[in-house]
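> give the three-dimensional model of this entry:
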Amino acid sequence: MNKTTKIIVWIIVLVLVVWGLLTLKKDDPTLDAKDGYSIGSVIPLSVNAASYGEPYAEGMQMAVDDVNKAGGINNKKLSLYVEDGQFFGAKSVSAAQDILSLHNPDVMHAIFDLPGHAISPVVLAAGKPFMLWDYARGVLDSNPL
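Numbers count the residues shown, from 1 in each chain. Sure thing, here's the model as predicted:
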């Protein structure tokens, strides 16, 4: 390949990369989450309790899709970020930290008491409201948000 051909190839590659980044920015809800509302959710999607977590996560996504199809909330779209907590405390904390650092959601959510108690201090330190679906309400005492 001569020098001119190499330059043309590099220009084409550069144009394609820039075009890809611009397309990604336009289509990726994580990059413009401030234009809407976002929910971070730690749900067991593998190991034990996955039989509860998987349909729960799918139901949440269906609800978010329905709200967005209806125009969102105050004309703002919802985004849902789900991480697998595997129904283990340490994994749930790691999942919550990932969601908070990558997406900075407006509110955090978990199902079951064990993950809820595990991530409550992390969510409280981040200053985020925390929703818990469970049969107990013990986590509410440790997180007034």
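> and after the helix or strand of the chain with the lowest mean pLDDT, which helix or strand comes next?
Within the chain, no helix or strand scores below helix 3-27, which has a mean of 51 by mean pLDDT, DSSP states H and E. Per DSSP states H and E, the first helix or strand lying C-terminal to helix 3-27 is strand 37-43.
> quick one: the strands in the protein?
37-43, 78-84, 107-111, 130-133 (DSSP state E).
> can you redo these as CSV with distance to Ala70, mean neighbour count and mean pLDDT?
Any C-beta I mention is one placed from the backbone N, CA and C, and that applies to glycine too. Listed next are these as CSV, based on distance: least, C-beta to C-beta, whole Å; neighbours: other C-beta atoms under 10 Å; pLDDT from 0 to 100:
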stretch, distance to Ala70, mean neighbour count, mean pLDDT
strand 37-43, 14, 24, 94
strand 78-84, 10, 20, 95
strand 107-111, 19, 24, 91
strand 130-133, 21, 18, 83
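> so who does Asp35 touch?
Taking C-beta atoms under 8 Å, 6 or more residues apart in numbering as the criterion, Asp35 is in contact with 76-77.
> and the gap between it and Asn74?
11 Å (C-beta to C-beta, to the nearest Å).
> separation between Glu83 and Gly40?
From Glu83 to Gly40 the distance is 8 Å (C-beta to C-beta).
> overlap in contacts of these two?
Common neighbours of Glu83 and Gly40, counting by C-beta under 8 Å, 6+ apart, are 96, 99.
> to Val122, which of the strands of the chain lies closest?
Evaluated with C-beta to C-beta, those place strand 107-111 nearest to Val122, the distance being 8.5 Å.
> so which elements touch that closest one?
Strand 107-111 sits against strand 37-43, helix 50-69, helix 89-103, helix 113-126, strand 130-133, with contacts defined as 3 or more C-beta pairs under 8 Å, 6 or more residues apart in numbering; DSSP states H and E.
> between these, which one is nearest to Ser79?
Going by C-beta to C-beta, the one of the helices and strands packed on strand 107-111 nearest Ser79 is strand 37-43, 4.2 Å.
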